[in-house]
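Colleague: below: sequence and its predicted model.
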Amino acid sequence: MKKILVTGGLGFIGSHTVVELQQAGYEVVIIDNLYNSKIEVLDSITSITSIKPSYFNIDLRNKIAVEDFFKNNKIDGIIHFAASKAVGESVNNPLLYYENNISTLVYLLQEMKKHKLSNFIFSSSCTVYGQADKMPITEDAPVKVAESPYGNTKQMGEEIIADTCKVTPSLNAIALRYFNPMGAHPSGEIGELPKGVPQNLVPFITQTGIGLRKELSVFGDDYPTPDGTCIRDYIYVVDLAKAHVVALERLFQGKNEKNYEVFNVGTGTGSSVLEAIHSFEKVSGRKLNYKIVDRRPGDITSAYADTTKANTVLGWKAEYTLDEAMNYAWIWERKIRD
């Protein structure tokens with residue numbers, strides 16, 4: 001049985017990916033320092049799969065701890081989620097983001113090189129495209145100057161991996177550029193657990209729906225879109241998790257065409273902020289209290305994926321609709337507030 005290290009494996013996307021890996025027959029080892037997650041998630045994963053993953057509380061910024069881990073654990077592949085991810089926070093605290101998101105990646109790649117490990121999946125983001133010139137966005141769209149230190153760390157991360165792959169023929173890596181992950185596991189055991197004020201639209205919608213927040217602010221209704229609000233590509237987190245398993249299997253089976261590849265992971269459908277709100281109202285049967293306010297600096301008008309490459313080359317496709325994903329998000333919100 002192949003052993004996969006999942007860094008940030010107790011986080012939102014990480015925990016769902018651990019479940020999919022276990023269900024696909026992999027042994028999973030999690031590294032997570034609980035900076036933005038909770039240890040209880042370990043039991044929630046176990047209750048879904050009946051298999052408790054190995055868990056290490058290691059801060060990946062601690063180079064000696066990282067070296068010790070690789071000395072003592074034989075790993076067949078790595079999926080690297082561990083990173084800070086809030087755009088606004090990154091603007092206010094860029095050095096934290098460069099330390100958290102760049103040094104940790106470098107230490108992992110150094111250990112992979114040292115121990116001749118091959119298979120690496122990187123959690124990247126559609127933020128690397130900025131406001132793309134045309135929709136939908138293909139993988140060939142130019143990488144734009146980043147709007148935030150967070151976006152910059154994803155661009156730099158991809159460049160570091162590409163540069164390392166060029167001179168390390170034994171290393172095989174895939175960067176998955178996610179669009180907007182949302183929802184929760186159908187079991188209701190794991191989901192998005194934002195600490196403090198949510199950075200993402202969907203938990204803000206569900207928290208407003210349940211009465212935790214008075215109202216939802218919609219930032220701008222004067223964008224050049226059909227209803228005037230921003231458009232994003234909302235991808236169900238279980239679909240996204242499955243893309244990681246498919247990408248890893250591509251590397252294990254030697255199907256990769258180059259030793260560094262990039263894939264967009266989205267649904268290929270753009271949904272506006274108002275469409276997301278109406279989706280919530282439909283699945284919950286509740287009216288959402290929202291108001292239109294001024295645009296927010298740094299928000300791009302539209303971003304949705306061209307998923308042709310993921311569908312045809314990777315052999316992965318999103319299965320769930322916005323309404324289905326929103327329904328699971330709402331089930332999860334009600335469960336955690338009980």
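Modeller: Sure thing, it's come through.
Colleague: contact partners for residue 198?
Modeller: By Cβ atoms under 8 Å, 6 or more residues apart in numbering, the residues touching residue 198 are 192, 204, 207. For glycine as for every other residue, the C-beta is placed from the backbone atoms N, C-alpha and C.
Colleague: hmm, residue 203 and the first one touching each other?
Modeller: So the one you mean is residue 192. Yes. Counting by Cβ atoms under 8 Å, residue 203 is a contact partner of residue 192 at 5.2 Å.
Colleague: before we move on, the earlier item: among the contacts of residue 198, who's most crowded?
Modeller: Among the contacts of residue 198, the one with the most neighbours (other Cβ atoms under 10 Å) is residue 192, at 23 neighbours.
Colleague: would you quantify the distance from the closest residue to that one other than its chain neighbours to residue 329?
Modeller: Using Cβ to Cβ, 6 or more residues apart in numbering and skipping the chain neighbours, the partner closest in space to residue 192 is residue 12 (4.7 Å). Using Cβ to Cβ, to the nearest Å, we find residue 12 at a distance of 11 Å from residue 329.
Colleague: what does residue 45 give?
Modeller: From residue 45 to residue 329 the distance is 19 Å (Cβ to Cβ).
Colleague: need the helices for the stretch 101-250 of the chain, in chain order.
Modeller: Remark: helices assigned in the stretch 101-250 of the chain by DSSP state H, counting those that start in this stretch are 104-114, 149-167, 201-209, 237-252.
Colleague: packing partners for the third one?
Modeller: To tie it back to what came earlier, the one meant is helix 201-209. strand 180-182, strand 216-219, helix 273-284, helix 322-337 (3 or more Cβ pairs under 8 Å, 6 or more residues apart in numbering; DSSP states H and E).
Colleague: just put these in TSV and tack on mean pLDDT and distance to residue 298.
Modeller: TSV is the format used below for the helices and strands packed on helix 201-209 (pLDDT from 0 to 100; distance: least, Cβ to Cβ, whole Å):
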stretch	mean pLDDT	distance to residue 298
strand 180-182	97	15
strand 216-219	96	10
helix 273-284	98	15
helix 322-337	97	24
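Colleague: which one of those lies closest to residue 30?
Modeller: Between residue 30 and the helices and strands packed on helix 201-209, the shortest separation by Cβ to Cβ is 18.5 Å, and it involves strand 180-182.
Colleague: by contact count, what packs against that closest one?
Modeller: Under the contact criterion of 3+ Cβ pairs under 8 Å, 6+ apart, strand 180-182 touches helix 201-209, strand 234-236, helix 237-252, helix 322-337.
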